[in-house]
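> Predicted coordinates and the sequence they were generated for:
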Amino acid sequence: MMRKFTRAVIADFAEMVDMIEQTLAGYWRELGELGEDPARTRQGIVAACSVMLATTLALGVSFAIAQQDPIAARKALMKKNGDEAKIGTQFMKGEAAFDLAKAKAIFASYADAASKVPTLFPDNSKTGGETAALPAIWEKKDDFNAKLKKFGEDAKEAEAKVTDEASFKTVFPTVQKNCGGCHETYRLKKS
């Protein structure tokens, strides 16, 4: 279990480095396009450095939180999923105007969460932090991980299929069933 967690940490760190490299490459390209005007170049450098610093700090803080407190990290991830589900439900009910970019972002967020969640249940996180995780997660780890894998696959497939409001209304309920299937078995019921 610790090896999987360590591999996930290394993968997250590598992803962070790739994002920083891509960001830097884009900034240097833009800086080259600013031309010879020293004032514009100076402003561009300051802006690029500020954004890069903010991005690095945000990634570093989220990385540190996930490593120090997997319960808090998984709660934050589940809250984000809940927020995405609310937006999707509003689209389904016609309470919000359909937005294709937001619809696709819902499924992208779900797929991202499904890939990260398995690493956020190390053995030392069974209790504490007001966790709602049931012991069944650790007792049936293979089933738990299989459900998360299916959730991620369904979310990726849905993101690819959504082209308009009608297609969203077809695939969203199917993906949402994954949430309930996991919560029924592995989450403490709210009183």
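Arrived safely, thanks for sending. Residues are numbered from 1 along each chain as shown.
> where does Ala113 land on pLDDT?
For Ala113, the pLDDT comes out at 93.
> before we move on, what about the one 10 residues further on?
Confidence at Asp123, expressed as pLDDT, is 89.
> can I see the domain layout of the protein?
Listed domain ranges for the chain are 1-68, 69-191 (source: automatic domain parsing).
> Now the weakest link among the ones you listed, please, by mean pLDDT.
Looking at these, the bottom one is domain 1-68 with a mean of 59.
> just the helices in the chain please.
2-33, 38-68, 70-93, 100-116, 136-139, 141-161, 165-186 (DSSP state H).
> ok, now which ones touch Lys190?
Contact criterion Cβ atoms under 8 Å, 6 or more residues apart in numbering gives Ala132 as the residues in contact with Lys190. Yep, even glycine has a C-beta here, placed from its N, CA and C like the rest.
> go on, Tyr186?
133-134, 136-137, 144.
> again, only this time at 10 Å
121, 132-140, 143-144, 147-148 (Cβ atoms under 10 Å, 6 or more residues apart in numbering).
> What of Ala114?
Applying Cβ under 10 Å, 6+ apart as the definition, the contact partners of Ala114 turn out to be 77, 81, 145, 147-156, 178, 182.
> quick revisit: among the contacts of Tyr186, who's most crowded?
Across the contacts of Tyr186, neighbour numbers were computed from other Cβ atoms under 10 Å; Phe121 holds the maximum, 23 neighbours.
> can you tell me how far that residue sits from Lys169?
33 Å (Cβ to Cβ, to the nearest Å).
> ditto for Pro118
Counting by Cβ to Cβ, the separation of Pro118 from Lys169 is 30 Å.
> just the contacts of Ala114 now: which is nearest Glu165?
Closest to Glu165 out of the contacts of Ala114 is Ala155 (18.2 Å), distances taken as Cβ to Cβ.
> residues in contact with Met170?
One correction, residue 170 is Thr, not Met. Under the criterion of Cβ under 10 Å, 6+ apart, the contact partners of Thr170 comprise 158, 161-162.
> returning to what we had before: which one among the contacts of Tyr186 gets closest to Asp99?
Lowest distance from Asp99 to the contacts of Tyr186 (Cβ to Cβ) belongs to Leu148, with 26.9 Å.
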